[in-house]
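Visitor: got a structure for you, letters missing:
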DNA sequence: AATTATACATACATGAATGTATGTTGTCAA
DNA sequence: TTGACAACATACATTCATGTATGTATAATT
């Protein structure tokens, strides 16, 4: 019953997708390894061969989500738009729209927004928060660029702006992911983000009278 | 070993606070009724006398949090300020500040932000979402008033404004509650909220040139 | 003052999940 | 081609939480 290396890799991935499916239906703490095994059509023995325990599956899923996100921002930052905030807004709307079509990603995100890092998951809390900090630093560089280009009023604090944006995104995603009725991707993403940027974008052109 | 009615009420409350304490340390799904009982210095028998099961304790905690929130808004709406958005902003900042000093409330909120409504908690998801909707309607009335008073531009959509604000609050609270390092009540609450309202407040006086 | 129902504590039965130990089969390397 | 080890499956032991059934003392009721 030994399998080829590629086959083994396939079963590992099937375990991950089965776990995600179970988690998104019954939640992390309410799914047993046996349920995951049955969904993946293996036994618990296979899971214990590929992972140490359930929490390691959890962490593996987080990795698969965050890396592409960081990369998307990093790549976008390579182009130096004359209007960094416009660029940022478009990137965010684009990422949100992509999210809607990628149900697997939505399930993973929902998992991390809803779970509490208690019990066996405590060990990952700091690690995952550090990843978040990294992405925040990337976001801030958009505001820094805008300021350098003189697009923001002098008093604007790029850190405050970043945090405000971050809180908004977090809340919007939270609502998208946990309450399917309140927000609607197609009709609200663009409208809400535009509304927010109206404030973040406290620039001279938007309010020409406030300066000069 | 029978107790007086008031004594019984006290044990019920001690069970609730013990449960909250346990939940905030180990999470809902990782605390057993026996742990709660020990913390409250009773036995599981006492818990099963006062509550049907663990999830009913969870729901009782939610009630104790949301009712005062609704009441605070309702009472604030009784005074008809000439500047409704200013009034709203001040109320929000005030509520956030109060939150910081009320560690019990913070623990309850953290519980509901982090938990996933799966397993035995599914039954409460809709109920709790309906409560949220109610509070959203209350918030929207601030924007409606602002519009009636001619403080918003004609295109402003009070629903979009409310949702944007809601997402921001949600995200800010989420960060406050789950990541103690990122945000700081004293220094950030006012700054971020002010920043946000700069955008929500898309009124004539802020940008006199856009109208008339 | 006797009775009853309350407010629990104790005891028990059950089930479910975990981790590990061990078995088995096939692959790959030499 | 044949060990040796990889990739699991199976079996077992243990723990632990839940729900319920039952016991009990005492406050409240009459």
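Guide: In hand now; what should we look at? If you're wondering where the values come from, they're calculated on a predicted model, not measured in any experiment.
Visitor: switch to C-alpha atoms for all contacts and neighbour counts from now on
Guide: Will do.
Visitor: list the contacts of the closest residue to residue A:143 other than its chain neighbours.
Guide: Nearest residue to residue A:143 in three dimensions, chain neighbours excluded: residue A:158, at 5.5 Å (Cα to Cα, 6 or more residues apart in numbering or on different chains). Residues counted as contacts of residue A:158 (Cα atoms under 8 Å, 6 or more residues apart in numbering or on different chains) are A:140, A:143, A:144, A:147.
Visitor: now residue A:158: how far from residue B:32?
Guide: 45 Å (Cα to Cα, to the nearest Å).
Visitor: kindly report the same for residue A:193.
Guide: 42 Å.
Visitor: okay, the two: which has more neighbours?
Guide: residue A:193 (19 against 15; other Cα atoms under 10 Å in any protein chain shown).
Visitor: element containing the more buried one, please.
Guide: If you go by DSSP states H and E, residue A:193 is part of helix A:185-200.
Visitor: hmm, that helix touching chain B?
Guide: Yes - shown here: helix A:185-200 in contact with chain B (Cα under 8 Å from any Cα of the partner chain) through A:188, A:191, A:192, A:193, A:195, A:196, A:197, A:198, A:199, A:200.
Visitor: quick one: buried ones out of those?
Guide: A:188, A:191, A:192, A:193, A:195, A:196, A:197, A:198, A:199, A:200 (16 or more other Cα atoms under 10 Å in any protein chain shown).
Visitor: these two touch, right, the fifth one and residue B:198?
Guide: No - here residue A:195 lies out of contact with residue B:198, judged by Cα atoms under 8 Å, at a distance of 10.6 Å.
Visitor: now the lengthiest helix in chain A: buried residues?
Guide: In chain A, assigned by DSSP state H, the helix with the most residues is helix A:122-148. For helix A:122-148, the neighbour count (16+ other Cα under 10 Å) marks A:124, A:135, A:136, A:139, A:140, A:141, A:142, A:143, A:144, A:145, A:146, A:147 as buried.
Visitor: next SSE after that helix?
Guide: helix A:158-178.
Visitor: can you pull the residues of chain A lying near DNA strand D?
Guide: Contact residues (Cα under 7 Å from any atom of the strand) of chain A with DNA strand D: A:1-5, A:7-9, A:11-12, A:41-46, A:49.
Visitor: let's see that with 10 Å instead.
Guide: Residues of chain A found near DNA strand D (Cα under 10 Å from any atom of the strand) are A:1-15, A:34, A:37-38, A:40-50.
Visitor: buried only: go through those for me.
Guide: Here the buried ones among those, as counted with 16+ other Cα under 10 Å, turn out to be A:11, A:12, A:14, A:15, A:37, A:40, A:44, A:46, A:47, A:50.
Visitor: would JSON lines of these with distance to residue B:83 and secondary structure be doable?
Guide: Converted to JSON lines, those look like this (distance: Cα to Cα, whole Å; DSSP: H, G, I helix; E, B strand; the rest coil):
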{"residue": "A:11", "distance to residue B:83": "62", "secondary structure": "helix"}
{"residue": "A:12", "distance to residue B:83": "59", "secondary structure": "helix"}
{"residue": "A:14", "distance to residue B:83": "57", "secondary structure": "helix"}
{"residue": "A:15", "distance to residue B:83": "57", "secondary structure": "helix"}
{"residue": "A:37", "distance to residue B:83": "59", "secondary structure": "helix"}
{"residue": "A:40", "distance to residue B:83": "59", "secondary structure": "helix"}
{"residue": "A:44", "distance to residue B:83": "62", "secondary structure": "helix"}
{"residue": "A:46", "distance to residue B:83": "64", "secondary structure": "helix"}
{"residue": "A:47", "distance to residue B:83": "60", "secondary structure": "helix"}
{"residue": "A:50", "distance to residue B:83": "61", "secondary structure": "helix"}
